[in-house]
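> sequence first, then the predicted structure:
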Amino acid sequence: MSEFEQEHLRPFLDYLSVSNKESDRGKVLVTLAQLDEMLGAILKSFCVDGAATDELMNGANAPFNSVYNKTNAALALGLITDAEYRDATLMRRIRNEFAHSINASFSDQSIQSKAMLLEFGLGYLIERSDPILQDPRTRFLLSSTALISALCNRTHYVADDKRKLRDWPT
C-alpha cells in the first residue's frame, strides 16, 4: 500500500482499531465522534481557507460545531449524498439515545427501530434478505463502517472543488 493510500485510510483504520475495543455504547459514541471529525474535515476542505472558516468550525457558538449542523451543511453543499445524510442522521439519533440513557442498548425498541432503517452500504445484503440484517447491532456496525469508509477519501475529492475568494463584479 502506498503512502498516499495509507494517509487517506488512516482515519478509517484508527476508527476500526478504537471501535473494536469498545462496548456497544462505546462503539456508537466512537462512530459519531469519527463521523463528526470527518464531516468537519470535509467542510473545511471545501471552504475558503482563513479565519471565517475557522469561526464556522470552532467554538461553542460556531455554526458547524455539532454533527447535526455539519451533516446538514454537508448535504446542503452537495458534499455528501442523500443516503449518507439519511444514515448519518439515524446514527446521530441512536447516539443520542445511548448518550442520554444509562440503560440504553440495541435491545431497546426505540434504538432497534432506528437501527433497522439503516441501509448505507448494505445493498447486497438487503437484496439477498440476509438474516444477519435482522440484528440491529450488526446492522448498525455494518452500516456505520460502510459510511466511515465512504467518507474516508471525501476530504481529498472535495478539495478539488475548494472555494476560493474572488472578486465579484459590482
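Arrived safely. Numbers count the residues shown, from 1 in each chain.
> and the helices in this protein?
Ranges of helices within the chain are 3-19, 24-46, 51-57, 67-76, 82-100, 109-115, 123-127, 136-151, 154-158, based on DSSP state H.
> of all the ones you listed, which lies closest to K164?
helix 24-46 (11.0 Å; Cβ to Cβ). Just so you know, the C-beta spots here come from the backbone N, C-alpha and C atoms, and that holds for glycine as well.
> by contact count, what packs against the closest one?
helix 3-19, helix 51-57, helix 67-76, helix 82-100, helix 136-151, helix 154-158 (3 or more Cβ pairs under 8 Å, 6 or more residues apart in numbering; DSSP states H and E).
> switch to 10 Å and redo it
Secondary-structure packing of helix 24-46 (3 or more Cβ pairs under 10 Å, 6 or more residues apart in numbering; DSSP states H and E): helix 3-19, helix 51-57, helix 67-76, helix 82-100, helix 109-115, helix 136-151, helix 154-158.
> do you know how far the residue nearest the centre of the chain is from A150?
Per Cα atoms, centre = their mean, the C-alpha nearest to the average position across the chain is that of L35, at 3.1 Å. Counting by Cβ to Cβ, to the nearest Å, the separation of L35 from A150 is 11 Å.
> shared neighbours of those two, which are they?
Taking Cβ atoms under 10 Å, 6 or more residues apart in numbering as the contact rule, L35 and A150 both touch 84, 87.
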